[in-house]
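Q: test case, fold it:
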Amino acid sequence: MAHLLGSQSCMDSLRKDLTDLQGAIVDVFSRAGPVRFPSWKFPDRVACDLDMVALLEHYDHVPGDPEFTQLSHAVLLELVIDRLLLLLQSCTSYLENLSSEQTVPATRAVGPCMSVGLTVRRFWNSLLRLRMIYQQAAPQKRVNQGENLTSKPTAKGEPARSPELVTAKFLKPPSPTPRLSQTCQEPESLPIRVFPQCPASTAKNSRSIHSQTVETALVPCDACTSVQSSLREVGKAVISLCQSQNLPSSLGQFQQLVRDSMGLRPLPAATMGHWAAEQSKDLTRLTKHMGALTQLVGPLRAQLEEAEGQKEGLQKQVGQLEQALQQEQGERQRQADEATQQLAEWECHRQQLLTETSDLKTKVATLEGELKQQQEAMQALETKARQFQEEAERRAEAERQVQQLEDQVQLLAGRLDGASQQIRWASTELDKEKARVDSMVRHQESLQSKQRALLQQLDNLDQEREELRGSLDEAEAQRAQVEEQLQSLQSEREQGQSQLLAQQELLQSLQQENQGLEQATTDLRLTISELERELTELRERERLLVAFPDLHRPIEAQIPSSSNVTDDMERQIQANDIRIQVLQEENGRLQSMLSKIREVAQQGSLKLIPQDQLWAPPSKGIQGTVPPAQAQNASPGLLGRRHLPSSRTASVGRTLPCQLRESPPQQSCGRPGRSSLEDMTHSTNCAQNPIRALARLRRRLSPGQSQASPAYQPQERPM
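A: The predicted model follows:
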C-alpha cells in the first residue's frame, strides 16, 4: 500500500467517503442530537465541532508537492477513522435514546475520550441490549397488531409515521398494574429496566386506550413550520451574503447535507440547534469581515476628502485654462483672417506656381539621373574597397612572414637578405598602393565636388519647397501631388547624403589602415636595419677577436686576478676552450670552402691567384686604388704584426674569396671600364663584410641549390 500513498484517485475516494460519513452523522444527529466526545484526530477539540469543509479544502492533492500530498493522504485516512468513531458514538447514543424512550435528547456535556476498542464494545452492547428489549416486547407487539386490525383504519390523508416513533412505540413496555408480582420482574442486570409480563396476565388485566402523545403526534404544529421556513430564508440570505463577500459559509455546507439526507421534511430540535450554531459561525465571520471593511473605508473616506480638495483646485485651474483658451481662440481667429488674405494672394500666384512645378519636374528627372550615376559610383567604390581589404589581408600575410624572418635573423644570416628582398618588394607594393590611394583620393575629391553641387541644388530646391509649403497645404490635388514629389525628392537627397557619409567613413577607415601599414613597414625597416648593423658589428668583433686575441681582449679578462690562483687558471682554461672552439669552427668553414674552390679549379672554371699577388699592391689599370673604407677598417696592429703567421693566414683566408670573386671579370676583355668598377665595388664589400662575401661565394659554388630555392636568393643592397 506504500506505493498508493499520495495517489489522487485514492484521495478522491477518501474525500467521497468522508462526505458520505458526514451526511450519515448529520442524519443521526437530526434524530439523536449531537454527541459531544473528544475527536480521535484532534483530542483537544470536540468531534462534532470540526469544520470538515475547511479540512477537506486544506488537505487536498497538490501536483507539485509530493510530501504535502502524502501528508494529506495520511490525514484523510485519520479523518475517516475519526468520522467512523463519531458515527459509532452517535449510533450508540441513538440506541440509548430508543431504549430510554427519550424523544427529545437531553443536552450532554463533553464525554470522556474513548479508544476505538471501547467505542466498538459500547456500540455492540447497545445492539445486544436493543435485541433483548425487542425480544421481550415481541408478545406485546403481537397483541397491538391484533388490536390494530380491529380498530378503525387510518384516515386517507393521515401521513405515515416516522420509523423513530414506530420503533419507540414498539419498545414502550406496558404500564404495570398494582397486582403485578414482584417476583416476575427480571433482575436489574441491564441499565434499562424492563418489565416483562406473562401473556395470560397481560390479556386479562390490560386494555388499549387510544390517546394523543408526543410519540404519536404525526403532524408538526404551524409554529414550527413557520419558524423553520423563516430560518431557511434567513439562512439563504446569510449564505448569499457570504458568497457576495467571497467568504466561506459553514451553513451552506450544512444546509446541503441536510437537504441531501432529509429533503424538505421538518427538522428535529437537534438539527435546528446545529443549524443555529452554523448560522452563528457565518454571522461571526460576516461581522469580522464588516469590521475589516470599516477599517478600510475610514482611510478611503479621508482620501476622498483630500481628492475633493484637489478637485476644487483643479476646477480653478480649468477656469484659468478656459480663459487662456478663449484668448488663444481669438488669436487663432486673427491668424485665420490673415491666412485668408494670404490665400487670396496665393491664388493670384497659382498660375506662376504651376509653371514652376513643371520646371521642378524636369529638374527632378535630371536629379534622378545624377543619383543613379552616384549609385553606380558607390558600387564601384564598394568593389574597390573589397579589393583594398584583400590587399590589406595580403599585406598582413606579408607582415607575418616578415615577423617570422625577424625571429630567424640571429640563427640564419642568409635569410636576412631574403627578408630584405621581401621588404623591398613590400615597399614597392606599398608605393603602388599609395599611388592607388592617391588616385582614389583624387576621385573622391571629384565626387565631393559633384556632391557639393548636388547639395547646393538640393538646398535651393528645399528653400523653394519651404516657400511653397503653405500654399501646397490648402491647394487642390495638383498642389498635393507637387508636395508629395518634393517629399520623395527630399528622402532621396537624405539617402544620397547617408550614402556619401558611408563612403567618407569607408575612405577614412582605408586611410587609417594605410597609415597603420606604412607605420608598421617603417618600423620593420628600422628594426631590420638595426639588426643588420648589430650583426655586422658582432661579426666584425668576432673576426677581430679570432684574428687578434691579444689586442682585442675583453674588458672582463683585464680585471686583476683574485687571490685564488686555481680559480684564475680554470677561468683562463675556459676562455681558451671557447677561443679554440671558435677557431676550429672557422677552420672547418675555411677547409670546406677550400675543398670547393679546388673542385672548381680542377674543373677549370676558377683561376687561382698566387699568394704573392694577393699581398702585392694593386695595379692602377685593373684593380685601382684601395678604397678608403678598407683602410679605415684595417686594424692598427695589422701593419705592425704582419710577420706573424697566424695573422697572415687569417688575412689570406679572408682576402681569398674576394680575389676569387673578382677573377672572372678580369678575364672578360670586352668591357674594361665596367670590370674595374666592379672590382673596386667587390673589394670594398669584401673589406667591409667578409661574411657576406663568403655567403655569395657559397651560392655561386652551389648553383643547383640556388635555383631550387629562388625565394630565398638575396639581392645585394647598395652600401
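Q: now the element after the helix or strand where E331 lies, going C-ward?
A: Element membership for E331 (DSSP states H and E) is helix 269-348. Using DSSP H and E, the helix or strand that directly follows helix 269-348 along the chain is helix 350-407.
Q: and the helix or strand just after that following helix, what does it pack against?
A: Using DSSP H and E, the helix or strand that directly follows helix 350-407 along the chain is helix 414-474. Using 3 or more CB pairs under 8 Å, 6 or more residues apart in numbering; DSSP states H and E as the contact test, the elements touching helix 414-474 are helix 269-348, helix 350-407, helix 477-547. Any C-beta I mention is one placed from the backbone N, CA and C, and that applies to glycine too.
Q: what is the mean pLDDT for the last one?
A: Across helix 477-547, the average pLDDT comes to 85.
Q: count of neighbours near Q574?
A: Q574 sits with 10 neighbouring residues when counted by other CB atoms under 10 Å.
Q: before we move on, what SS does it have?
A: Three-state call for Q574 (DSSP: H, G, I helix; E, B strand; the rest coil): helix.
Q: ok, it - contacts?
A: Listed by CB atoms under 8 Å, 6 or more residues apart in numbering, the contact set of Q574 is empty.
Q: give me the low-pLDDT residue ranges for the stretch 1-150 of the chain?
A: 1-3, 101-111, 113, 143-150 (pLDDT under 70).
Q: residue boundaries of the strands in it?
A: With DSSP state E, counting those that start in this stretch as the definition, the stretch 1-150 of the chain shows no strands.
Q: could you pull out the helices for it?
A: Taking DSSP state H, counting those that start in this stretch as the test, the helices found in the stretch 1-150 of the chain are 8-32, 52-58, 66-100, 116-136, 138-150.
Q: closest one to E464 among the helices and strands packed on helix 414-474?
A: E464 lies closest to helix 350-407 among the helices and strands packed on helix 414-474, at 7.5 Å (CB to CB).
Q: quick check: mean pLDDT of the closest one?
A: Averaged across helix 350-407, the pLDDT comes to 86.
Q: for it, packing partners?
A: Here helix 350-407 touches helix 414-474, helix 477-547, going by 3+ CB pairs under 8 Å, 6+ apart.
Q: need those in TSV (columns: mean neighbour count and distance to V258).
A: TSV is the format used below for those (neighbours: other CB atoms under 10 Å; distance: least, CB to CB, whole Å):
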stretch	mean neighbour count	distance to V258
helix 414-474	15	81
helix 477-547	14	81
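Q: I25: which of the ones you listed is closest?
A: helix 477-547 (84.8 Å).
Q: for the helix holding E331, name the packing helices and strands.
A: Using 3+ CB pairs under 8 Å, 6+ apart, helix 269-348 sits against helix 8-32, helix 222-244, helix 250-262, helix 414-474.
Q: let's see 7 Å
A: helix 8-32, helix 222-244, helix 250-262 (3 or more CB pairs under 7 Å, 6 or more residues apart in numbering; DSSP states H and E).
Q: rebuild these as CSV, extending it with distance to T362.
A: CSV is the format used below for the helices and strands packed on helix 269-348 (distance: least, CB to CB, whole Å):
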stretch, distance to T362
helix 8-32, 84
helix 222-244, 79
helix 250-262, 88
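Q: closest to L130 out of these?
A: So among the helices and strands packed on helix 269-348, helix 8-32 is nearest, using CB to CB, at 13.5 Å.
Q: run through who's touching the closest one.
A: Contact with helix 8-32 is made by 4, 52, 56, 61, 72-73, 76-77, 79-80, 83-84, 86-87, 90-91, 93-94, 97, 105, 164, 257-258, 260-262, 267-268, 270-271, 274, as judged by CB atoms under 7 Å, 6 or more residues apart in numbering.
Q: what residues of stretch 237-254 count as buried?
A: By 16 or more other CB atoms under 10 Å, the buried positions in stretch 237-254 come out as V238, I239, C242, S249, S250, L251, G252, Q253, F254.
Q: quick check: angle from the helix holding E331 to helix 414-474?
A: Angle, helix 269-348 to helix 414-474, by axes from the mean of the first three to the mean of the last three CA atoms, to 10 degrees: 90 degrees.
Q: angle of helix 269-348 against helix 350-407?
A: On the basis of the same axes, to 10 degrees, helix 269-348 is oriented at 110 degrees to helix 350-407.
Q: and of the helices and strands packed on helix 350-407, who's closest to D359?
A: Per CB to CB, nearest to D359 of the helices and strands packed on helix 350-407: helix 414-474, 9.8 Å.
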